[in-house]
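J.: below: sequence and its predicted model.
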Amino acid sequence: MDYLDSVNDKRKKLEEQRQKEFLHKQALAQSKQNTKQILDTLKSDSETTKKVEIVNELASKDDIEDVIEQLKEVQLAALLSNKRPELILANGVNVEDILSPLNDKISAALDTLANSNSNEKLAKQLDKSFSDFSEAMSAFLVQNQEALTETQRGIEDSINRIDVKPVVNVPKAQVSVSAPKVDLSPLEAKLDALRTAIESIPTPSLDTTDLMVATDSVRNAIENMRFPVPNYVLPYKDINGAATQVELNPDGSLPVSIGTDGSIPAIDLFGSAITGSRYNQVEIDYSTADPDAITDITVTKTSGGDATTANGQAVFSTGTSATGGIKAVTNTTVNYRPNTESYAAFSAIFTAGVANSYQRIGIYDTNNGFFVGYEGTSFGVTVRKSSVDTTVPQASFNVDTLTGGSTSKYTRNAVPEAIDFTKDNLYRIRYGWLGAAAIYFEVLSPDQRWVVFHIHRTINTSTVPSVANPNLPITLDARKTSGATNIIMYTACWAGGTTSNFQKITDTLTDNTLATLSRSVITGQTTGGGGGYVNVKVNPSGALAVESTSATPDTGTVTTASVTNSNTTVLASNNNRMGATIYNEGTVDCLVKLGSTASASSYTVKMIVDSYYEVPFGYTGIITGITASGTATLRVTEMT
């Protein structure tokens, strides 16, 4: 960690040094710019100054003398009492306007250098250059000021020496005075020296060798870091949102534990993956039909009990009679299949427990099965075996008592809460039987997770199976033995089946047997055109479209058969026969049979003399005949 801090300090110092260098370069650039502006301005002003002419708009002396006699002294004195010669440049520029910008720019250059971080030797050179520049500028101002002042005084003296008398009018004349030329080359030389000195300021070099070495060291250290694979801890949340940790196996693989508590719905009770959907053998939907109108269940009402439908669910009530009762049983059972899971799922709303009564729902019959509900005032689960019930009350549930305890999996927003049996809840009972497989009792939590709250275990505890018969119907039963309370149970839907969607071929199929619908195409081979395959079609009503074609015989073979009073062959069997006719052209009647061994008691048709018979189309077998006495002559035509 100290090494990384050292690298960070070096990086910070490098950034500060770069910032100072950047500011220094900016100051130098500004100084160069100011110097350039001074030179440009000076050159421009120098050219202007060299062409300066001083103009005085007064009458010349000769002109004044010519008219002096015409002027009156008092009038001229009054005219000239406040008159002063006015010095202006030829282009209208005042000398002060030329010199003032130079002074301002020189001061700015000096201020920039004063704030610069350059070395001391260079600062002294610049200071001397500016001192020489200041002296040259002062000499320039003094020289020009004296020249201008002397010229002005000469004009004023000339005017004051004029002795005139006032006149009415004075002609206008012009007097031109040329100013001496000003040499600014020394000042330009000094400014050039100043610019050269500024441009010669060296930029300090930066040595980053140490920083690069430190950066490479950090990079190599990071690249060579290795994390331990065994027992590496990963943060995780369980199904209830509580923080937990996951540890890797020594080989680096993630350990996966598949339990049989129903937390992984894709695994059945035997730990086998369920690759298909659950196969419902029993399905009852009370959302639209009255229980009495559902043919898949049998409803039994006792002493005022009743079954109706309201708000999309069935309402089973005992009535107020002391011995009232109501019962509904599916007509189809859930057929157990070895080594697969059987289940029953249903919704239920109970009336709070009432003494001398019971409310039950589950997968059971009068002899065997499993159910949940109230036995009197106590809610619990029951296993029925050979008509003997074993009930476990809620307080003794061996997985989750559903009372809102801190370890309960019955949660809402990951917070445990107590179950209310008088509210709508979804229950499920699962069993794998094989004689001793466990029975799981479950309820769906508000967080939409199946919660196992009790497991009935038989393995290594009994010498007989848990139930005598695992093929069971779904049953609801509510009954009283005393009291006037109307006990009501509500339920919306039932489903029962197995985790196998296979059935034996010998099983009886009914309208309730589920079948998988599949879209398929029947393909057949054509008899012509190379024997290719084409799709078989159905007509608009769904019937198979059959195209019938009839062959036409093109050959007729005529023979004569003499039939006596013993069995005689009229026409031998022929697979190529497409039809045949028989005509009795003799004088004796004949019995003809489509088959072998004709007799007086076994024949097809009796042909009298001159009668005609057509053999049915498609018959290709033997034809025989017999007479009572004498010989019958039959003319036979066979068509092929």
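T.: Received it, and whenever you're ready, just let me know what you need.
J.: can you map out the helices along the protein?
T.: With DSSP state H, the ranges of helices along the chain come out as 2-50, 61-67, 73-80, 95-114, 120-161, 185-199, 209-223.
J.: lowest average pLDDT across those helices?
T.: Note on these: lowest mean pLDDT is at helix 73-80, with a mean of 46.
J.: check contacts around Thr510.
T.: Applying C-beta atoms under 8 Å, 6 or more residues apart in numbering to Thr510 gives the contacts Thr332. Just so you know, the C-beta spots here come from the backbone N, C-alpha and C atoms, and that holds for glycine as well.
J.: separation between it and Asp285?
T.: Separation of Thr510 from Asp285 (C-beta to C-beta, to the nearest Å): 17 Å.
J.: could you check how far Tyr374 is from Ser387?
T.: For Tyr374 relative to Ser387 (C-beta to C-beta), the value is 20 Å.
J.: the two: who's more crowded?
T.: The neighbour comparison of Tyr374 against Ser387 (other C-beta atoms under 10 Å) goes to Tyr374, with 21 against 10.
J.: do I have it right that that one meets Ile361?
T.: No - between Tyr374 and Ile361 there is no contact under C-beta atoms under 8 Å: 10.4 Å.
J.: and for the two, which residues touch both?
T.: Common contacts of Tyr374 and Ile361, defined by C-beta under 8 Å, 6+ apart, are absent altogether.
J.: what's the neighbour count on Asn565?
T.: 14.
J.: ok, it - contacts?
T.: Residues near Asn565 by C-beta under 8 Å, 6+ apart: Ile626, Thr627, Ala628, Ser629, Gly630.
J.: buried members of the residues you listed into ChimeraX, please.
T.: The ChimeraX selection below is limited to those of these classed as buried (16 or more other C-beta atoms under 10 Å):
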select :626,627
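J.: save the contacts of Asn565 as JSON lines, and put in distance to Ala484 and pLDDT too.
T.: Shown next, in JSON lines, are those (distance: C-beta to C-beta, whole Å; pLDDT from 0 to 100):
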{"residue": "Ile626", "distance to Ala484": "92", "pLDDT": "96"}
{"residue": "Thr627", "distance to Ala484": "96", "pLDDT": "96"}
{"residue": "Ala628", "distance to Ala484": "95", "pLDDT": "94"}
{"residue": "Ser629", "distance to Ala484": "99", "pLDDT": "94"}
{"residue": "Gly630", "distance to Ala484": "102", "pLDDT": "95"}
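J.: once you drop chain neighbours, what's closest to Tyr613?
T.: Nearest non-adjacent residue to Tyr613, counting by C-beta to C-beta, 6 or more residues apart in numbering: Ile582, 4.6 Å away.
J.: identify the bridge partners of the one you found.
T.: Using DSSP bridges, the bridge partners assigned to Ile582 are Tyr613, Val636.
J.: now do the same contact list for it.
T.: Counting by C-beta under 8 Å, 6+ apart, Ile582 makes contact with Val570, Val592, Met607, Tyr612, Tyr613, Val615, Ile623, Leu634, Arg635, Val636.
J.: pick out whichever of the residues you listed sits closest to Ile326.
T.: Val615 (71.4 Å; C-beta to C-beta).
J.: outline the domain layout of this protein.
T.: As given by automatic domain parsing, the domain ranges for the chain are 22-199, 279-498, 556-639.
J.: looking at those, which one has the lowest mean pLDDT?
T.: domain 22-199 (a mean of 55).
J.: find the nearest non-adjacent residue to Thr481, please.
T.: Nearest residue to Thr481, sequence neighbours excluded (C-beta to C-beta, 6+ apart): Asn356, at 4.7 Å.
J.: contacting residues for the one you found?
T.: Contacts for Asn356 were tallied using C-beta under 8 Å, 6+ apart; they are Gly376, Lys480, Thr481, Ser482, Gly483.
J.: do the same with Pro338
T.: Residues near Pro338 by C-beta under 8 Å, 6+ apart: Leu434.
J.: ok, Glu585 next?
T.: Here Glu585 is in contact with Asp610, Thr633, Leu634, Arg635 (criterion: C-beta under 8 Å, 6+ apart).
J.: report the contact partners of the nearest residue to the third one once chain neighbours are set aside.
T.: By the measure of C-beta to C-beta, 6+ apart, the closest residue to Leu634 outside its immediate chain neighbours is Ala561, 4.5 Å from it. With C-beta under 8 Å, 6+ apart as the criterion, the residues that contact Ala561 are Thr568, Thr569, Val570, Leu571, Gly625, Thr633, Leu634, Val636.
J.: filter those to the buried ones?
T.: Thr568, Val570, Leu571, Gly625, Thr633, Leu634, Val636.
J.: show the end-to-end separation of stretch 371-381, please.
T.: Length of stretch 371-381, first residue to last, C-alpha to C-alpha, to the nearest Å: 6 Å.
J.: buried ones in that stretch?
T.: With burial defined by 16+ other C-beta under 10 Å, the residues of stretch 371-381 counted as buried are Phe371, Val372, Gly373, Tyr374, Glu375, Phe379, Gly380, Val381.
J.: wait, which of the residues you listed is closest to Gln525?
T.: Ranked by distance to Gln525 (C-beta to C-beta), the buried residues of stretch 371-381 are led by Phe371 at 57.9 Å.
J.: on that earlier part again, could you dump the contacts of Ala561 to JSON lines with distance to Tyr343?
T.: Listed next are these as JSON lines, based on distance: C-beta to C-beta, whole Å:
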{"residue": "Thr568", "distance to Tyr343": "75"}
{"residue": "Thr569", "distance to Tyr343": "71"}
{"residue": "Val570", "distance to Tyr343": "71"}
{"residue": "Leu571", "distance to Tyr343": "69"}
{"residue": "Gly625", "distance to Tyr343": "72"}
{"residue": "Thr633", "distance to Tyr343": "82"}
{"residue": "Leu634", "distance to Tyr343": "76"}
{"residue": "Val636", "distance to Tyr343": "73"}
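J.: in contact with Leu472, which residues?
T.: Listed by C-beta under 8 Å, 6+ apart, the contact partners of Leu472 are Thr333, Val334, Ala344, Ile363, Tyr364, Asp365, Asn368, Gly369.
J.: please repeat the previous calculation with a cut-off of 10 Å.
T.: Taking C-beta atoms under 10 Å, 6 or more residues apart in numbering as the criterion, Leu472 is in contact with 282, 330, 333-336, 342, 344, 362-365, 367-370, 384, 429, 431, 496.
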